[in-house]
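Asks: A structural model of the following input is requested.
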Amino acid sequence: MEREKLGSRMGFILLSAGCAIGIGNVWRFPYITGLYGGGVFVLFYLFFLITMGVPVMTMEFAVGRASRKSIIRSYTELEKPGQKWHLHGYLGMAGNYLLMMFYTTVAGWMLYYFYQMLTGRFTGKDAAQVGAMFQEMLENPTVLMTVMIVIVVAGILICSMGLQKGVERITKVMMSLLLIIIVVLAVHSLTLEGGMEGLKFYLFPDFARMREVGIWETITAAMNQAFFTLSLGIGAMAIFGSYIDKKRTLLGESVNIALLDTFVAIVSGLIIFPSCFAFQISPDMGPSLIFITLPNVFNSMAGGRVWGTLFFVFMTFAAFSTILAVFENIISCCMDLFHWSRKKSCVANLFALILLSTPCALGYNLWSAFQPLGEGSTVLDLEDFAVSNVILPLGSFCYLLFCVTRFGWGFDKYREEANIGEGMKIPKWIRGYVTYVLPVLLLLLIIMGLVG
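Replies: Sure, this is the predicted structure:
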């Protein structure tokens with residue numbers, strides 16, 4: 001069976017960026033930027049993005065492109081006889097499923113809020129009523145199961161249409177709209193009265209605030225955000241590497257994807273902070289920002305229903321672009337592993353993903369008594385912890401060791417593959433850094449994630 005290919009370079013960049021751009025860009029990045037000293041934090045973040053995130057991304061792409069396979073088979077293709085690197089492939093595949101077990105539910109929340117904004121359900125509600133609406137949604141198993149199933153069915157349907165006709169075509173449209181909507185929303189936020197105060201708080205370097213939270217904490221948070229924003233370690237990037245030609249070097253493409261991801265993260269803050277400051281509402285972190293704080297902001301705004309609807313279209317696209325990318329990885333894995341057709345893999349995974357996503361959807365209502373990480377925690381918290389703190393960093397560590405040590409594929413082969421084509425080349429002198437310094441930084445990240 002001939003391996004499918006992406007139709008264009010733009011498709012590859014937007015698909016990979018779509019995978020990296022997710023909910024964390026919007027509900028985590030702006031808040032921690034504000035908390036850790038604004039512009040100072042952004043500089044640290046960019047430094048770690050370039051020194052940690054981008055090199056590992058080139059490695060994941062290189063493994064994908066050289067092997068022309070998904071995560072499990074890619075190691076089998078490139079490792080030396082008798083080696084066991086392919087075992088990481090199974091952990092990576094588990095990571096893809098685990099990520100989707102809660103991401104489909106959260107994407108469903110976005111979709112439901114888009115529907116509520118569009119139909120004017122928030123109009124005339126005060127702050128307490130808006131907060132209560134979020135709680136009501138979580139406590140309603142029918143709503144959560146329905147929107148989760150809609151998201152899974154839509155994702156599988158698009159993947160079943162094929163790589164170019166389905167995944168690539170839809171992602172291109174969705175990501176282009178996402179970028180237009182986010183710029184329109186940001187420009188609107190900056191024109192609000194009092195919005196400039198929010199901008200100052202968000203991006204103006206504030207060393208006093210950084211010292212207050214602690215310099216080490218700031219550096220750690222920047223390292224964390226820079227690394228996790230790119231969704232590395234579970235082969236979600238490698239799969240798109242396996243679908244591209246060899247016309248461009250992988251470092252240049254990785255930098256483009258990281259820049260697009262950063263652009264969305266920073267511009268999200270340009271929407272959130274000026275809006276919150278204009279209406280004297282404290283910008284929170286996490287779900288309450290998106291589902292309680294911002295609906296209140298939109299309620300206070302002239303034409304708020306329109307702006308709110310646009311915002312939740314953007315959020316649904318940000319979540320759904322990640323879902324499409326990871327679904328494609330899962331479907332491709334099953335095709336490689338069991339020699340299934342795309343249609344058969346889609347049908348099998350349709351049922352598997354609905355079943356696997358059910359505990360998260362019910363974790364807020366029927367199964368809320370199950371609190372795996374202590375009082376008040378949910379199934380989502382457990383799944384998120386396992387992916388973010390264990391599988392992603394460990395997977396990235398595996399890719400790194402595989403690409404730089406003689407016990408794996410080796411630095412020379414990795415560099416040779418990454419440097420094929422036009423564009424930025426990986427220099428030879430980087431070998432010392434990626435072999436001795438980067439593994440230590442990654443180990444530090446893993447330990448901090450587990451201890452924290």
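
Asks: quick one: secondary structure of residue 81?
Replies: At residue 81, secondary structure determined by DSSP: H, G, I helix; E, B strand; the rest coil is coil.

Asks: Could you pull up phi and psi at it?
Replies: phi -50, psi 140 (degrees, to the nearest 10).

Asks: Number of residues surrounding it?
Replies: 4 (other CB atoms under 10 Å). Every residue, glycine included, has its C-beta placed from N, CA and C.

Asks: show me where pLDDT drops low in the stretch 251-400 of the chain?
Replies: Low-confidence segments of the stretch 251-400 of the chain, defined by pLDDT under 70, are absent.

Asks: and the longest helix along the chain, how far out from the chain's middle?
Replies: For the chain, the longest helix by residue count, based on DSSP state H, is helix 304-338. Distance of helix 304-338 from its chain centroid, counting by CA atoms, centre = their mean, to the nearest Å, is 10 Å.

Asks: again, but for stretch 119-134
Replies: Using CA atoms, centre = their mean, the offset of stretch 119-134 from its chain centre is 28 Å.

Asks: Break down the stretch 151-300 of the chain into its helices, ranges please.
Replies: Using DSSP state H, counting those that start in this stretch, the helices of the stretch 151-300 of the chain run over residues 169-190, 195-203, 207-213, 215-228, 238-241, 250-278, 287-288, 294-300.

Asks: Contact partners for the residue nearest to residue 420 when sequence neighbours are not counted?
Replies: Using CB to CB, 6 or more residues apart in numbering and skipping the chain neighbours, the partner closest in space to residue 420 is residue 246 (4.6 Å). Contacts for residue 246 (CB atoms under 8 Å, 6 or more residues apart in numbering) come out as 65, 420, 421.

Asks: I'd say the last one and residue 253 touch.
Replies: I take that to be residue 421. No - with contact defined as CB atoms under 8 Å, residue 421 does not count as touching residue 253 (9.0 Å).

Asks: Tell me which of the two has more neighbours.
Replies: The neighbour comparison of residue 421 against residue 253 (other CB under 10 Å) goes to residue 253, with 24 against 16.

Asks: Can you tell me the closest non-neighbouring residue to the more buried one?
Replies: residue 13 (6.6 Å).

Asks: That neighbour: how many residues sit nearby?
Replies: 21.

Asks: any idea how far residue 410 is from residue 335?
Replies: 28 Å (CB to CB, to the nearest Å).

Asks: One more: residue 249?
Replies: 28 Å.

Asks: Can you say which of the helices of the stretch 151-300 of the chain is packed in most?
Replies: A comparison of the helices of the stretch 151-300 of the chain by mean neighbour count, using mean count of other CB atoms under 10 Å, puts helix 238-241 on top with a mean of 30.

Asks: helices and strands around it, which ones?
Replies: Helix 238-241 sits against helix 9-20, helix 54-67, helix 71-78, helix 304-338, with contacts defined as 3 or more CB pairs under 8 Å, 6 or more residues apart in numbering; DSSP states H and E.

Asks: repeat that for 10 Å
Replies: helix 9-20, helix 54-67, helix 71-78, helix 86-118, helix 250-278, helix 304-338 (3 or more CB pairs under 10 Å, 6 or more residues apart in numbering; DSSP states H and E).

Asks: Show the contacting residues for residue 414.
Replies: 58-59, 62-63, 66, 78, 250, 399-400, 402-404, 408, 426, 431, 434 (CB atoms under 10 Å, 6 or more residues apart in numbering).

Asks: Just read off the phi/psi values of it.
Replies: phi -60, psi -50.
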